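[1] sharing a model prediction with you, sequence too.
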Amino acid sequence: MRKIPLEKIRNIGIIAHIDAGKTTTTERILFYSGRTYKLGEVHDGTATMDWMVQEQERGITITAAATTCAWNDFSINIIDTPGHVDFTIEVERSLKILDGAVVVFCGVGGVEPQSETVWRQADRYNVPRICYVNKMDRTGSNFFEVIDQIHKRLGANAAAIQLPFGKESEFKGIVDLVNKKLRVYTDDTGKVFEDQEIPLELMPEVKIYETILIEKLAEVDDQMMEDYLHGKEITSDQLKETIRRAVIANKFVPVLCGSSFKNKGIQMALDAVCDYLPSPLDVPSIKGTKPDTQDFEEIAASDAAPFCGLCFKVATDPFVGKLNYTRVYSGTLIAGTYIYNSSKRVRERVTKIVKMHANHQEIVESISTGDIAAVVGLRETKTGDTLCTEKNQILVEAMRFPEPVIQQSVEPKSKDAQEKLGMALHKLEDEDPSFRVTYNHETGQTLIAGMGQLHLEIIVDRILREFNVEAQVGTPQVAYRETITKKVTQVGKFISQTGGRGQYGHVVLEIGPQEVPGAGITFEDKIKSGAIPREFIPSVKQGVFGAAKSGVLANYPVTDVQVLLVDGSYHDVDSSEMAFQMAASIAFSDGLRKAHPILLEPIMDMEVIVPEEYMGQVIGDLSSRRAKIISLAQRLNLRTIRANVPLAEVFNYATVLRSLTQGRASYTMEPSFYHEVPTHIAQKITAGSVSANVRKSF
């Protein structure tokens, strides 16, 4: 039975740039709401939400942590997200399932690079949000400058609903423009405060910002516009209702202020969360499709509707196994029952349901619409999978995961560690969709790929400490290819006579470049009049493809070559499958040497999103990396650069791009095609002067 009405539930995320104070703010929310009884500090490694060893050591948030608290008669589910760009997937998947967000800004730093990134992510998922300007006690903090940056850099219709009382170290309280009162804090814990009348000397400034607030609301709300134009008095209740409507419609962003570390402003921020951010009933119904018919269907936010939920995160617990973090969109899920994974089309049994408080678990019998909890016992379910009933199958839109941008090789130090490494990588890949594991057959390496150097650093640290695997980490190698530019005819013979039955194979191959790049190796039999018996043709083909695994310049695989078998001869007694395979291999390798072989390198299709002021530096840097600029375009207040760039030139590019743009740019890239390596670089590769030519043979 539901204890809290749906309209009293808030599902929110705390999002921001790194070091804006997200985790400190969350710690204060938990303290003032009575969820915890001691204030944890990030810098001491005692923050409740930063429970991983790596988080405590580095003083940063790495994984999104979920918790629940109560404020007045509301239940608030909170997800504290990382601020570092390498862990952007944690923000992405959290925003997918949240109804609202609190965007934290530093009163000194203002709108910082990752602030822009998380704001764009919230825009993509149409998440209503409120802004909280933190660190108002810091030297150099400027509340009004931050609001100005929110307008200019984020393009948001924002206005202050609070004003700071006191500046920098003299910050003592907060002026509430909506309720027209001044709150002054009288102790260091933030628990003791007085609500006073606004002093007369502050009234001129209050009137100015009250007018700005009403004007901003009038721009997006017809009723407010009418009352404002007719000079009617706007009451506090009317102001509150209008702000709520505009926030839920994503047309307005109220801006609050405070100092989380100094325990000022958190209670008022909690009031704003309850007053202005939406409940599950206020947001548009989630749309899904029927797996068989692909018909669209809206999922009503109701306990009476069939169960539907989305697994947005997978975590591994050493005691209970896999935890599938799930947001319930409709219906009720009871522990011990079966559910249906419509993404994988399998039945799953729910053995246990737990409400999470960071890494602590509270067992519950059931969860209902609007709840966020972890489900135990699901074997096949991954991040982004839809969970529902078998009778009412539905598919919620899948989550989008960013492509990894940096790779490293990882190898176990011993054979004993091989299996443990495989299991560790599999679990980590399950947990983190932005982390990928591949095996490169050409270089013999296991490659791990992620969103940046810190991301892979944390992964490797977890492999060593959490999974106790001894591993060596190296730099990955570019998978070059070889091809030819000229058509040749080549004879291949394999004749061996060592007493008794000999070996005889004779083929004539026409070898030429493919007309269409990317076609790979093709083999065609053009033999006429039975010069080679039919039973030996597959052996000839096998010999060609075997030889193509290793080229003649630097032993890289051969691609984009067309091979025609045009002639040959055989011996009635000595010819064999092996002889023709060897003859074809000899002909192919000798033919490559005569056909002007060249090296090919993978070219990446890259898109860089960059603020206008850094565009020149980024284009200049790309040009130095042999990039070919394809197009330039405008996207909101940003510029996008589309380019083709060699993979060899963009290892560790994430770090370079951040330093060029103060971390304000982002990029994605994916393999596009292979292209000839410039002669001077090819000479270095073939001479062995770069590590890329070191590869393991098969």
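    Received it, and whenever you're ready, just let me know what you need.

[2] residue ranges of the helices in the stretch 1-150 of the chain, please?
    22-32, 53-58, 88-97, 113-124, 143-154 (DSSP state H, counting those that start in this stretch).

[3] which residues touch the third one?
    This points to helix 88-97. Here helix 88-97 makes contact (C-beta atoms under 8 Å, 6 or more residues apart in numbering) with 11, 13, 15, 62-64, 79, 81-82, 101, 117-118, 121-122, 124-125, 127, 310, 312-313, 327, 372, 383-384, 399-402, 432-434, 451. C-beta: built from backbone N, CA, C; applies to glycine.

[4] may I see the ChimeraX selection of the buried members of those residues?
    Filtering those down to the buried ones (16 or more other C-beta atoms under 10 Å) takes a single ChimeraX command:
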select :11,13,15,62,63,64,79,81,82,101,117,118,121,122,127,310,312,313,327,372,383,384,399,401,432,433,434,451
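
[5] who's in contact with P533?
    Contacts for P533 (C-beta under 8 Å, 6+ apart) come out as 570, 575.

[6] in a markdown table: the helices of the stretch 1-150 of the chain, plus distance to D187 and mean pLDDT.
    What follows is these, written out as a markdown table (distance: least, C-beta to C-beta, whole Å; pLDDT from 0 to 100):
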| stretch | distance to D187 | mean pLDDT |
| --- | --- | --- |
| helix 22-32 | 13 | 86 |
| helix 53-58 | 29 | 58 |
| helix 88-97 | 34 | 82 |
| helix 113-124 | 32 | 82 |
| helix 143-154 | 23 | 91 |
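
[7] what is the burial count for L213?
    Residues near L213, counting by other C-beta atoms under 10 Å, number 22.

[8] quick check, pLDDT for it.
    Looking at L213, its pLDDT stands at 93.

[9] what's the longest strand in this structure?
    Counting residues, the longest strand found in the chain (DSSP state E) is strand 597-611.

[10] that strand: what's the following helix or strand?
    helix 615-624 (DSSP states H and E).

[11] from what I can see L599 touches T686, true?
    Yes - the criterion here is C-beta atoms under 8 Å, and L599 meets it with T686 at 7.3 Å.

[12] doesn't A583 belong to a helix?
    Yes - A583: assigned to a helix according to DSSP: H, G, I helix; E, B strand; the rest coil.

[13] report how many residues lie close to it.
    A583: 29 neighbours (other C-beta under 10 Å).

[14] excluding chain neighbours, what is closest to K262?
    Nearest residue to K262, sequence neighbours excluded (C-beta to C-beta, 6 or more residues apart in numbering): D137, at 5.0 Å.

[15] how much space between the one you found and I29?
    18 Å (C-beta to C-beta, to the nearest Å).

[16] and if you look at I150?
    I150 sits 22 Å away from I29 when distances are taken as C-beta to C-beta.

[17] please say which of the two ends up with more neighbours.
    Just comparing I150 and I29: by other C-beta under 10 Å the higher neighbour count belongs to I29, 27 against 24.

[18] identify the bridge partners of Q490.
    With DSSP bridges as the criterion, Q490 is bridged to L509.

[19] show me the residue at the heart of this protein, geometrically.
    The residue lying closest to the centre of the chain (C-alpha atoms, centre = their mean) is I89, at 2.9 Å.

[20] quick check: it vs K313, distance?
    10 Å.
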